Each structure stands twice: as C-alpha cells, then as structure tokens.
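*Asks:* Could you look at this predicted model? Sequence included:
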Amino acid sequence: MRVDVNHTTALVVDMQEKLFPHIYNNQAIQEKCVMLIKGMQLLKVQILLTQQYTKGLGPTITPIMEVLGNIEIHEKMTFSCCGNSDVESVVIGARGHSVIIMGVEAHVCIQQTVLDLLAQGRMAVVVEDCVSSRNSNDKEIAIKRMRNAGAIVTTAESLLFELAQSAEHPMFKQLSALVK
C-alpha cells in the first residue's frame with residue numbers, strides 16, 4: 001500500500017533535550033529527521049509535535065524546533081501519542097488515515113503509538129532512519145515487532161519520493177537537493 005501525500009499526517013515524537021543525548025546514533029537520527037521535516041513541509045504534510053513529560057525531559061531539541069518554527073507542542077504523559085486527547089483529535093480529524101512517525105524511543109512511545117494507530121485501522125508509517133532508542137537492540141526488536149504488526153517501515157528519502165510520486169512534482173528539485 002502506498003503512502004499518499006493528500007491523506008497523511010506526521011508525528012514528531014519526544015525528541016527532547018534530556019533524553020536525546022542518550023539515544024543510539026542520535027546525530028544521524030537528528031539530521032534525517034530535520035531533512036524529512038523540511039521535505040514534508042515542502043509537500044504540505046501536516047506535522048504534529050509531542051513532548052513526553054516536559055518538566056522531566058525538557059523541551060524538544062533546538063535543531064528540530066528551528067525547522068518546525070512556531071508549532072503547537074502537544075504535552076503527553078502516556079507513552080502512546082494516541083493516549084493524548086489533543087493529538088488523538090487532530091489525527092482523527094486529519095486529512096487522511098496514514099500517519100508518518102519519527103522520534104524516540106522506538107521501543108516505547110513509537111511502538112505503542114504505532115500499535116494503537118494500527119488498532120484504529122490507520123496506516124502507520126515508521127521511518128526507520130528517523131527513530132531510535134537508547135539501545136540499538138531495543139530499536140531493532142521494536143522495528144521487527146511494528147513491521148510484524150502491520151506497520152510500513154521505510155526510510156526518509158524513500159518516503160519523500162513516494163509522497164512526491166514523480167520527477168514532475170513542483171517540489172522535486174527541492175526534495176532532491178534535501179536528500180543529497
């Protein structure tokens with residue numbers, strides 16, 4: 001099943017200052033997330049940002065906030081983004097049933113969000129090079145579990161070109177420049 005730009009929302013999950021330095025391969029994850037967010041902005045994909053217990057984990061890391069600009073932050077205490085009524089209402093009321101997920105941690109908040117989205121009958125799209133955990137094994141097992149549960153697992157570059165669909169897309173050159 002293909003991901004259609006006209007029926008997609010994205011979640012940037014819990015990329016926060018006190019947790020992110022401890023995330024496996026964090027610099028590469030940060031760079032891919034920034035690239036993917038910029039590409040989704042070019043393609044006009046709706047983006048939501050969550051923060052898990054901000055008082056304890058701090059705000060979202062600066063590079064992500066810089067690219068997102070003045071975006072509403074959805075504070076949550078539940079691990080799943082679907083446990084937050086604000087996020088849930090936006091996702092349910094969004095322009096489609098596909099939800100792109102990036103952020104941390106893959107084996108906790110990402111995995112629980114994906115399982116809840118799938119239970120709702122939504123297409124959960126996990127961007128493998130834009131998610132991680134403190135431990136690489138936790139990420140690996142979470143990716144396998146989410147894929148086995150029915151999630152689509154892809155990469156940032158692959159997803160951006162799938163959303164654009166053609167080299168004739170008005171944003172193709174900008175997308176190509178982003179992924180280089």
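*Replies:* Alright, I've got the coordinates.
*Asks:* For the rest of this, base every contact and every neighbour count on C-alpha atoms.
*Replies:* Will do.
*Asks:* mind checking the SS state of the residue nearest to V5 when sequence neighbours are not counted?
*Replies:* Distances taken as C-alpha to C-alpha, 6 or more residues apart in numbering put L163 closest to V5, at 5.0 Å, once the chain neighbours are dropped. Following DSSP: H, G, I helix; E, B strand; the rest coil, L163 is assigned to helix.
*Asks:* Contacts only, for the closest residue to K76 other than its chain neighbours.
*Replies:* Counting by C-alpha to C-alpha, 6+ apart, Q52 is the residue found nearest to K76 once chain neighbours are left out, at 5.0 Å. With contacts taken as C-alpha atoms under 8 Å, 6 or more residues apart in numbering, Q52 has the following neighbours: 14, 75-79.
*Asks:* Mean pLDDT per helix and strand in this protein: which one sits at the bottom?
*Replies:* Ranked by mean pLDDT, DSSP states H and E, the helix or strand of the chain with the weakest confidence is helix 85-93, at a mean of 74.
*Asks:* so what does that helix touch, helix or strand wise?
*Replies:* Using 3 or more C-alpha pairs under 8 Å, 6 or more residues apart in numbering; DSSP states H and E as the contact criterion, helix 85-93 has no neighbours among helices and strands.
*Asks:* Show me the helices in the chain, by range?
*Replies:* With DSSP state H as the criterion, the chain has helices at 26-42, 54-57, 62-68, 85-93, 111-119, 136-149, 156-164, 172-179.
*Asks:* The longest one packs against which elements?
*Replies:* It stands for helix 26-42. With contacts defined as 3+ C-alpha pairs under 8 Å, 6+ apart, the packing partners of helix 26-42 are helix 62-68, strand 123-132, helix 156-164, helix 172-179.
*Asks:* All set, thanks.
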